[in-house]
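*Asks:* predicted coordinates and the sequence they were generated for:
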Amino acid sequence: MFRALVLSEFGGPGDLRGRFFRSNDLSGILIADPFMGGGTPVLEANRLGCSVIGTDINPMAFWIVRQALAPIDRRRFLEEAERVVAAVESSLGPLYETTCVECGDPHAPIKYFIWVKFIQCRGCRHEVALFPGYLIAKNDRHTHFVLTCGECGALNQVEEKPVEGSLPDCHACSGTLHVKGPATRGRCVCPSCGTENRYPQSKEGPPKHRLIALEYSCGSCRKAHKGRFFKAPDEKDLSRVAEAERRMVRDDSPLIPDDVIPEGDETTRLRRWGYHQFRELFNRRQLLGLRTLAKEILGVTDDETRFALSTVFSDFLRYQNMLCRYDTYALKCQDIFSVHGFPVGLIQCEANLLGIPGIGSGGFRHFVAKYDRAKAYCEAPFETAMDGRKKKVIQTSPERIEATWAKGIEDLAAIRGPRSAYIAARSSRTVNIPPGSLDAVFTDPPYFANVQYSELMDFCYHWLRRLVGKDFPELQAPSTRSEDEVVGNATQGRGLGEFTEGLSEVFRSFAAGLKAGAPFVFTYHHNSLDAYVPLIVAILDAQLVCSAALPCPAEMRASLHINGTGSATVDTIFVCRGTGTTRKSWLATDLRGLGGLVSEDLGGLRAGGCTPTAGDALCLTFGHLARIAVWNLRSGWEVRAPIETRMQRAALALRGLGSLEEVTDAAMEALCPGGRSSDFGPLFEVREPGVPWDDVVSF
């Protein structure tokens, strides 16, 4: 999307599709991104030869973009990675082996360890396993369904779909097999005494886990074996767990974070489960492995290679913790951020630390290969296009992603060398850009309180700063959280008012650096109309108007946190300028005109192969409402008026075409002629925007 946007503005005359799939050189163009995040606008502009300015208050954003733009000797990187892996494997390899139940090979590598949480019964003091269900694996990618016995712990392979009441008895103890477990909605009945217990038990500290199953691989009999390899842990497997715990008796290594988990919109869930330090999110074997691996990485003498391996380490942490889940369908580990939060399940998955070459996912080897593929792409980026039903790779050499570093914004503005870059971990509110120096701003700002990035990124950051923090002042902060962060956060008392003020300050700061008529382009989506008020205020405060609002697919439909919910999977692209023109047809003055604009957008999405959802229709409608409100308010807008006054004016302008219920009906009519919001179920909260703003919580 950002490649297309930059090329449509600066690529010159001719067909955009043709320019998109060939090499381009836009050297001499200076583009800025005040909400750099993962760096997509910065990287795409750099690839096209532009000079770039990227800022973000989150130090993890700085690090990710820095590593993407930094050149690296890939051969040396792979050689050092191999040395690190070999050293760790010689020390810890046996802790990730088991005996194959098919051929007796005692060195079969384990892919995944599957654990269940347990509590102590308040009645009989026996251990109570918190099984929400006993199904370990489905038969979609295995020959059988796999169930664990709630009485003896044996694994049972079942041919037919497991249905409560029609299951065979356990092959080991002849007990009754079940699909549904006893743990549900925070309650679990003790099988020994019948006492109902509640969980989580935060006063007891972090949850305790019991190993219940292994998925492994056996090279000796893999060719003759059908399906996956599963087994219940035997005595040797449990002894290896105990050995790892003995080796981690002293866990006071400075490489292991001892940072306290603070209260937050997302982290409060962790504290409710008894987690109070980030180190408690890992079991002893994981801590032992991570400590050993980090120590080996620190021994790498070449700085850029060490930085790269440290980045790999911070990335693969997502699969090396006790919040990961085992996907019973895909038969693989789901990383901690498979949803945008800190989900705490009852069944957890521990992935092999180093990983098995060519098998499974979540190991350090897999992430080394991932990083190498990423840097190979930076050296020779490409695009993919459909050739009939097949994807065709189209090389765009000599484009590349690699920066020449500038010392500061003033230096960059003066040099304008090809692919020169200035990136910083700092608040974009305080950035001073020389007036008339920017050719464009392209950015993807926070969507109010949709994702608490700093709360999530602290999980990786506390490890990363112990590896590379001494080399970079940007990584000296004790946390990625900041009071100046532009995002809604109920725990920290930042509501819609604070978000509006912060967004306005950033927009004003960067818009002041634009050349006359240069575009300020950003993406946004939200299913709450309230959340569009800050956009209106920020655009008008920056003395811009919205000349276009374009639809674009954004979120993957299969994302776990939105799959099947009807939520928005598209963004509205807001194109703003201080001067310029817009189409009269885009300035709808009634609901019929608004519906026509949304219908046109939905038709474009369908033509591109996307099937719009009800959430998409609503978000695109809200985007057009916001754009129209900007035009209706631009005359006589008072930047110095109190923030409450400006927000109130924006809210009233959003209602200019009708009530929220009428607007929602218009959106559903555009999606499906004859449709009304009531036809689509309780997807949306129909509520007029109002004050007090700080009491508003997004959903």
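*Replies:* Thanks, I have it.
*Asks:* outline the domain layout of the chain.
*Replies:* If you go by automatic domain parsing, the domain ranges for the chain are 79-132+181-372, 488-699.
*Asks:* can you add distance to D56, mean neighbour count and mean pLDDT and give the ones you listed back as TSV?
*Replies:* Using the backbone N, CA and C atoms, a C-beta is placed for each residue, glycine as well. Converted to TSV, those look like this (distance: least, CB to CB, whole Å; neighbours: other CB atoms under 10 Å; pLDDT from 0 to 100):
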stretch	distance to D56	mean neighbour count	mean pLDDT
domain 79-132+181-372	16	18	94
domain 488-699	11	19	81
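*Asks:* now tabulate these in JSON lines and tack on distance to A421.
*Replies:* Shown next, in JSON lines, are the domains of the chain (distance: least, CB to CB, whole Å):
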{"stretch": "domain 79-132+181-372", "distance to A421": "16"}
{"stretch": "domain 488-699", "distance to A421": "16"}
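*Asks:* those domains: which one's closest to P478?
*Replies:* Comparing those by their distance to P478 (CB to CB), the top pick is domain 79-132+181-372, with 7.3 Å.
*Asks:* nearest to E474, out of the domains of the chain?
*Replies:* Ranking the domains of the chain by proximity to E474 (CB to CB) places domain 79-132+181-372 first, at 12.5 Å.
*Asks:* span of the closest one from start to end?
*Replies:* Using CA to CA, to the nearest Å, the end-to-end distance of domain 79-132+181-372 comes to 12 Å.
*Asks:* next helix or strand past the host helix or strand of C576?
*Replies:* Element membership for C576, per DSSP states H and E: strand 570-577. Along the chain past strand 570-577, the next helix or strand (assigned with DSSP H and E) turns out to be helix 591-607.
*Asks:* contact partners of that next one?
*Replies:* Contacts of helix 591-607 with the rest of the structure, by CB atoms under 8 Å, 6 or more residues apart in numbering, involve 550-551, 553, 570, 585-586, 588, 612, 616-617, 620-621, 624-625, 628, 657-658, 662-663, 666-667, 669-671.
*Asks:* check stretch 666-674 too.
*Replies:* Outside stretch 666-674, the residues that touch it by CB under 8 Å, 6+ apart are 591, 594-596, 598-599, 602, 612, 614, 616-618, 620-621, 658, 675-677, 679-680.
*Asks:* ok, 10 Å please
*Replies:* With contacts defined as CB atoms under 10 Å, 6 or more residues apart in numbering, stretch 666-674 is touched by 590-603, 612-622, 624-625, 657-658, 675-680, 683-684.
*Asks:* list the contacts of the residue lying farthest from the centre of the chain.
*Replies:* In the chain, the residue that sits farthest from the middle, by CA atoms, centre = their mean, is S174; the gap is 44.8 Å. With CB under 10 Å, 6+ apart as the criterion, the residues that contact S174 are 149, 151-152, 168.
*Asks:* would you write a ChimeraX line that selects the buried entries of these?
*Replies:* Here is the ChimeraX selection string for the buried members of those, based on 16 or more other CB atoms under 10 Å:
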select :149
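*Asks:* including secondary structure, could the contacts of S174 go into JSON lines?
*Replies:* Compiled in JSON lines, these are given as follows (DSSP: H, G, I helix; E, B strand; the rest coil):
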{"residue": "C149", "secondary structure": "coil"}
{"residue": "E151", "secondary structure": "coil"}
{"residue": "C152", "secondary structure": "coil"}
{"residue": "P168", "secondary structure": "coil"}
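*Asks:* list just the nearest of the contacts of S174 to R19.
*Replies:* The shortest distance between R19 and any of the contacts of S174, using CB to CB, involves C149 and amounts to 62.0 Å.
*Asks:* which pLDDT value belongs to the closest one?
*Replies:* Reading off the confidence values, C149 has pLDDT 96.
*Asks:* list the contacts of the residue nearest to it when sequence neighbours are not counted.
*Replies:* Beyond its immediate neighbours in the sequence, the residue positioned closest to C149 (CB to CB, 6 or more residues apart in numbering) is C170, lying 4.1 Å away. C170 makes contacts with 147-156, 176-177, as judged by CB under 10 Å, 6+ apart.
*Asks:* T176 and G150 touch, don't they?
*Replies:* Yes: counting by CB atoms under 10 Å, T176 sits close enough to G150 to count as a contact (8.4 Å).
*Asks:* more crowded one of those two?
*Replies:* G150 (17 against 13; other CB atoms under 10 Å).
*Asks:* for my notes, confirm A549 occurs in a helix.
*Replies:* No: according to three-state DSSP, the state of A549 is strand, so it is not within a helix.
*Asks:* ok, what's across the strand from it?
*Replies:* Counting by DSSP bridges, A549 is bridged to F574.
*Asks:* show me the contacts for T148.
*Replies:* When the contact criterion is CB under 10 Å, 6+ apart, the partners of T148 are 114, 116, 129, 131, 133-136, 154-156, 170, 177-178, 181, 212-213, 230, 232, 347.
*Asks:* and if you look at Y216?
*Replies:* With contacts taken as CB under 10 Å, 6+ apart, Y216 has the following neighbours: 96-101, 105, 108-113, 228-231, 237, 352, 356, 359-360.
*Asks:* make it 7 Å
*Replies:* Under the criterion of CB atoms under 7 Å, 6 or more residues apart in numbering, the contact list for Y216 reads 98, 108-111, 229, 231.
*Asks:* now, which of those sits nearest A45?
*Replies:* Nearest to A45, judged by CB to CB, of the contacts of Y216 is K111 at 40.3 Å.
*Asks:* what residues of stretch 134-148 count as buried?
*Replies:* If you call a residue buried by 16+ other CB under 10 Å, then stretch 134-148 has these buried ones: 134-139, 142, 144-148.
*Asks:* what about it, distance to the chain center?
*Replies:* The gap between where stretch 134-148 is centred and where its chain is centred comes out at 29 Å by CA atoms, centre = their mean, to the nearest Å.
*Asks:* end-to-end on it?
*Replies:* For stretch 134-148, the separation between the terminal residues is 5 Å (CA to CA).
*Asks:* and stretch 96-104, by the same measure?
*Replies:* From start residue to end residue, stretch 96-104 stretches across 16 Å - CA to CA.
*Asks:* before we move on, what about stretch 207-222?
*Replies:* From its first residue to its last, stretch 207-222 covers 36 Å (CA to CA).
*Asks:* and it, how far out from the chain's middle?
*Replies:* From the chain centre to the centre of stretch 207-222 is a distance of 28 Å (CA atoms, centre = their mean).
*Asks:* stretch 574-581 too?
*Replies:* With CA atoms, centre = their mean as the basis, stretch 574-581 stands 31 Å off its chain's centre.
*Asks:* that older thread, can I get the contacts of S174 in a markdown table including distance to S528?
*Replies:* As requested, the contacts of S174 are exported to a markdown table (distance: CB to CB, whole Å):
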| residue | distance to S528 |
| --- | --- |
| C149 | 47 |
| E151 | 49 |
| C152 | 50 |
| P168 | 50 |
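*Asks:* now flag whichever of the contacts of S174 is closest to R365.
*Replies:* Ranked by distance to R365 (CB to CB), the contacts of S174 are led by C149 at 33.9 Å.
*Asks:* distance check, the closest one against L155.
*Replies:* 8 Å (CB to CB, to the nearest Å).
*Asks:* Q348 reaches R210, doesn't it?
*Replies:* No: with the criterion set as CB atoms under 7 Å, Q348 and R210 do not qualify as a contacting pair; they are 10.5 Å apart.
*Asks:* now the common contact residues for the two.
*Replies:* Both Q348 and R210 are contacted by W115, under the criterion CB under 7 Å, 6+ apart.
*Asks:* endpoints of stretch 245-255, how far apart?
*Replies:* Stretch 245-255 has an end-to-end distance of 18 Å (CA to CA).
*Asks:* what sits against the residue lying closest to Q320 once chain neighbours are set aside?
*Replies:* By the measure of CB to CB, 6+ apart, the closest residue to Q320 outside its immediate chain neighbours is Q286, 5.4 Å from it. When contacts are counted by CB under 7 Å, 6+ apart, Q286 is found next to 320-321, 350.
*Asks:* got it, and A554?
*Replies:* Taking CB under 7 Å, 6+ apart as the definition of contact, the neighbours of A554 are 525, 569-571.
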